[in-house]
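What would the 3D arrangement of this be:
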Amino acid sequence: MVFDIQDVGTRFYTYISSLEEFMNAAFEAGKPLMILDRPNPNGFYVDGPVLDLKYRSFVGRQSNDCRRKMA
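Prediction:
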C-alpha cells in the first residue's frame, strides 16, 4: 500500500486521521505501507495549541499542534 500525503500542514484536515486508518489496515492485513511525505511549502514554523483529546474526532484525532512543518 502507498499513502501519498499531500496535506496543507494543519490539524483541521483529515489526512492524518486517514493515514492512521491506513496504518491500522496495513498492519492487520500484514501488508507493507509506504508513506510519501514532503515539506510543507508554508511550513516555516510550527504554531498553535495542541488538541485537547476530549475534543478528539476524525477531523482532529492526534494531539499535535495546529500547524506543522511536514505535509
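
Which strand or helix spans the residue nearest to the spatial centre of the chain?
The centroid of the chain falls nearest to Ile16 when counting by C-alpha atoms, centre = their mean (2.2 Å). In this structure, Ile16 sits in helix 15-29 according to DSSP states H and E.

how many neighbours does Asn64 have?
Residues within reach of Asn64, counting by other C-beta atoms under 10 Å, total 15. In short, each C-beta sits where N, CA and C put it, glycine included.

That one and Met1: what is the separation?
23 Å (C-beta to C-beta, to the nearest Å).

so what does the helix holding Ile16 touch, helix or strand wise?
strand 2-4 (3 or more C-beta pairs under 8 Å, 6 or more residues apart in numbering; DSSP states H and E).

so what strands line up beside the strand it packs on?
strand 34-36 (parallel) (DSSP bridges).

List of residues touching stretch 54-64?
Applying C-beta atoms under 8 Å, 6 or more residues apart in numbering, the external contacts of stretch 54-64 come out as 11-14, 16-17, 20, 50-53.

top of these by neighbour count?
Arg11 (21 neighbours).

hang on, the earlier thing: restrict the helix holding Ile16 to CA atoms and write it as PDB.
C-alpha atoms of helix 15-29 as PDB (Å, rounded to 0.1, in the frame of the first residue of the first chain):
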ATOM      1  CA  TYR A  15      -5.300  13.300   6.000                       C
ATOM      2  CA  ILE A  16      -3.500  12.300   9.300                       C
ATOM      3  CA  SER A  17      -6.600  10.500  10.500                       C
ATOM      4  CA  SER A  18      -6.900   8.700   7.200                       C
ATOM      5  CA  LEU A  19      -3.200   7.800   7.400                       C
ATOM      6  CA  GLU A  20      -3.900   6.300  10.900                       C
ATOM      7  CA  GLU A  21      -6.700   4.200   9.300                       C
ATOM      8  CA  PHE A  22      -4.400   3.000   6.500                       C
ATOM      9  CA  MET A  23      -1.600   2.100   9.000                       C
ATOM     10  CA  ASN A  24      -4.100   0.000  11.100                       C
ATOM     11  CA  ALA A  25      -5.400  -1.700   7.900                       C
ATOM     12  CA  ALA A  26      -1.900  -2.500   6.600                       C
ATOM     13  CA  PHE A  27      -0.900  -3.900  10.000                       C
ATOM     14  CA  GLU A  28      -4.000  -6.100  10.300                       C
ATOM     15  CA  ALA A  29      -3.500  -7.400   6.800                       C
END
